[in-house]
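Undergrad: Curious how this folds, go ahead:
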Amino acid sequence: MRKRRVAYIGLIVLILATIVFIWSNSLQSIPESQTKSIDFLNKVKPLLGIFVGTGNVTDHLVRKLAHFTEFGALGCELPLLLALRKRTNWQSVINSAFFA
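TA: So this is what the prediction gives:
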């Protein structure tokens, strides 16, 4: 029971950290956000180029992948929280998906 409680609290902290991360990125100014995106783009361009072609790796693609990753992580964390609470019926999973 103690391990489950520690995992539950740890997962809540992770969910809150994910939400803070998403909000902190959303609150950045446009130039600041673009600078971060371009810096990250330069780092991942060779890897993404393998999958989509070198000429197709753009700032827009990187930003969309970042959003998908952030909200995808949140979408995975919430059902895990439900599983730890032993509330894994379909309605709970659907509610957590809509929340994310």
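
Undergrad: Could you report the neighbour count for Leu78?
TA: Look at Leu78: counted by other C-beta atoms under 10 Å, it has 21 neighbours. For glycine as for every other residue, the C-beta is placed from the backbone atoms N, C-alpha and C.

Undergrad: That one: which element?
TA: helix 59-84 (DSSP states H and E).

Undergrad: Give me the buried stretch members for that helix, please.
TA: 62-63, 70, 73-75, 77-81, 84 (16 or more other C-beta atoms under 10 Å).

Undergrad: For this protein, which helix or strand comes out least confident on mean pLDDT?
TA: Least confident helix or strand of the chain, by mean pLDDT, DSSP states H and E, is helix 90-99 with a mean of 71.

Undergrad: Send me that helix as CSV with only the CA atoms.
TA: The C-alpha trace of helix 90-99 is given here as CSV (Å, rounded to 0.1, in the frame of the first residue of the first chain):
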residue,chain,number,x,y,z
TRP,A,90,-14.0,3.5,-19.9
GLN,A,91,-15.7,6.6,-18.7
SER,A,92,-12.7,7.6,-16.5
VAL,A,93,-10.3,7.0,-19.3
ILE,A,94,-12.4,9.1,-21.7
ASN,A,95,-12.7,11.9,-19.1
SER,A,96,-9.0,12.0,-18.6
ALA,A,97,-8.4,12.0,-22.4
PHE,A,98,-10.7,15.0,-22.8
PHE,A,99,-9.0,16.7,-19.8
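
Undergrad: hmm, who's touching that helix?
TA: Residues outside helix 90-99 that contact it (C-beta atoms under 8 Å, 6 or more residues apart in numbering): 75, 78-79, 81-82.

Undergrad: Just give me the neighbour total for the spatially closest residue to Leu65 that is not a sequence neighbour.
TA: Distances taken as C-beta to C-beta, 6 or more residues apart in numbering place Leu48 nearest to Leu65, at 7.9 Å, with adjacent residues excluded. The tally of other residues near Leu48 (other C-beta under 10 Å) stands at 18.

Undergrad: Surely Leu48 is in contact with Val57?
TA: Yes: contact between Leu48 and Val57 holds when scored by C-beta atoms under 8 Å: they sit 4.6 Å apart.

Undergrad: thinking again about what came up before, tell me which of the contacts of helix 90-99 is nearest to Ile9?
TA: Using C-beta to C-beta, Leu81 comes nearest to Ile9 of the contacts of helix 90-99, at 10.6 Å.
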